[in-house]
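1. Provided below for reference: sequence and predicted model.
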Amino acid sequence: MTYTIFTIRLKTMNKLIYIALSTLLISCNSGSTNENSEGDADLNRLESLEDLSLTQEFKDYWYSGKAEVSSYELSQSRYGEMRDGKAVMIFVTEPFNTVDEVKADNPSEDNRPVMKLNVTRDFNTGIYPYSIMSSTFLPLDKKDNAIKISSSIQEWCGHTYMQLNQYDKVYDVSLFSYFQSEQEDYFEVEHVMTENQIPIQLRIDPTSMPTGDLKLIPSLEYLRLKHVETKPYEATASFREIEDGYLYSVRYKDLDRIIAFKTQKEAPYKILSWMERYNDNGKPAVSTGTLIKTLNTPYWSQKGNEYQVLRDSLQL
């Protein structure tokens with residue numbers, strides 16, 4: 001126990017020393033008059049992005065002081081078997097503080113408007129439960145990629161946590177895992193489109209989704225469940241209109257994996273269902289989510305026991 005605590009503290013200390021030395025070296029090399037600071041680089045990137053135009057219909061729906069909470073019947077592939085469960089998608093707009101990289105408590109010139117998507121998945125594997133949650137923040141002022149994504153997985157063996165923070169042309173990645181082979185890690189990956197942001201983009205305008213060949217970082221949930229290297233992968237995206245909605249799908253060439261989302265044809269373009277299929281030790285693994293019920297509600301103010309009935313409405 002003492003050795004473990006010492007190791008963790010040493011890793012943290014080493015990281016802080018590394019950051020301090022890096023800052024000192026940058027300061028010494030650049031001088032006080034250098035205008036190309038890290039902050040300037042990120043600001044320049046932001047200013048170069050195209051403004052995102054939001055319709056009045058979008059603003060009326062998403063800035064009503066409520067969140068959209070949708071429940072889904074979940075069929076989750078895990079350990080070579082299908083598991084029944086429930087999933088929930090919570091979409092809400094809020095201000096995001098770009099300095100602290102969290103939801104803003106107060107108005108500030110450092111804030112950016114974002115849509116946040118929280119997704120939960122709960123299912124059992126035999127005797128023990130799995131609980132998966134991800135949070136994705138996508139800006140609504142510019143045509144940008146997700147500026148922050150985090151994901152956690154809890155089950156009786158232990159838990160893992162992973163986070164991506166956008167900075168200029170990279171994502172800073174933090175990983176904490178109970179697996180010895182992963183442990184605690186910090187690294188960078190190329191700043192490209194992320195799979196976690198796709199549902200949010202679909203809610204803005206499914207007809208403007210990117211298609212054809214592209215680079216994409218797979219969902220953090222998939223990366224952790226399958227212990228796949230965190231990096232952009234070559235993929236091909238397609239969009240088509242079907243009888244009762246729109247269908248957006250992505251095929252990862254090197255992962256033998258396909259994901260697809262079905263939305264309504266009309267705003268607010270609810271996510272009606274999703275699908276994930278990949279090769280799991282030579283066998284096809286398929287997970288799906290199908291919409292049960294949607295509520296537009298200020299859930300954060302509904303903590304009292306009298307609101308328990310709303311969970312019944314969502315069939316949770």
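-> Arrived safely, thanks for sending. Numbering: from 1, shown residues only.
2. which residues of the stretch 101-250 of the chain fall in helices?
-> Secondary structure of the stretch 101-250 of the chain (DSSP state H, counting those that start in this stretch): helices at 198-204, 220-226.
3. was I right about residue 254 contacting residue 233?
-> Yes: with contact defined as C-beta atoms under 8 Å, residue 254 reaches residue 233; the gap is 5.7 Å. Heads up, the C-betas are built off the backbone N, CA and C, glycines and all.
4. thinking again about what came up before, out of the helices of the stretch 101-250 of the chain, deepest packed?
-> With neighbours defined as mean count of other C-beta atoms under 10 Å, those peak in mean count at helix 198-204, which reaches a mean of 22.
5. export the helices of the stretch 101-250 of the chain to a markdown table and tack on distance to residue 147?
-> Converted to a markdown table, the helices of the stretch 101-250 of the chain look like this (distance: least, C-beta to C-beta, whole Å):
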| stretch | distance to residue 147 |
| --- | --- |
| helix 198-204 | 12 |
| helix 220-226 | 14 |
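6. And these: which comes nearest residue 79?
-> helix 220-226 (10.2 Å; C-beta to C-beta).
7. Kindly export the closest one (C-alpha atoms) in PDB.
-> What follows is helix 220-226, C-alpha atoms only, in PDB (Å, rounded to 0.1, in the frame of the first residue of the first chain):
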ATOM      1  CA  LEU A 220     -13.900   6.600 -25.500                       C
ATOM      2  CA  GLU A 221     -16.300   3.900 -24.400                       C
ATOM      3  CA  TYR A 222     -15.100   1.600 -27.200                       C
ATOM      4  CA  LEU A 223     -11.400   2.500 -26.700                       C
ATOM      5  CA  ARG A 224     -11.600   1.500 -23.000                       C
ATOM      6  CA  LEU A 225     -13.800  -1.600 -23.400                       C
ATOM      7  CA  LYS A 226     -11.600  -3.000 -26.200                       C
END
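8. Which elements pack onto it?
-> Packing partners of helix 220-226 (3 or more C-beta pairs under 8 Å, 6 or more residues apart in numbering; DSSP states H and E): strand 128-139, strand 148-155, strand 158-167, strand 271-280.
9. With respect to residue 247, which of those lies nearest?
-> strand 271-280 (9.6 Å).
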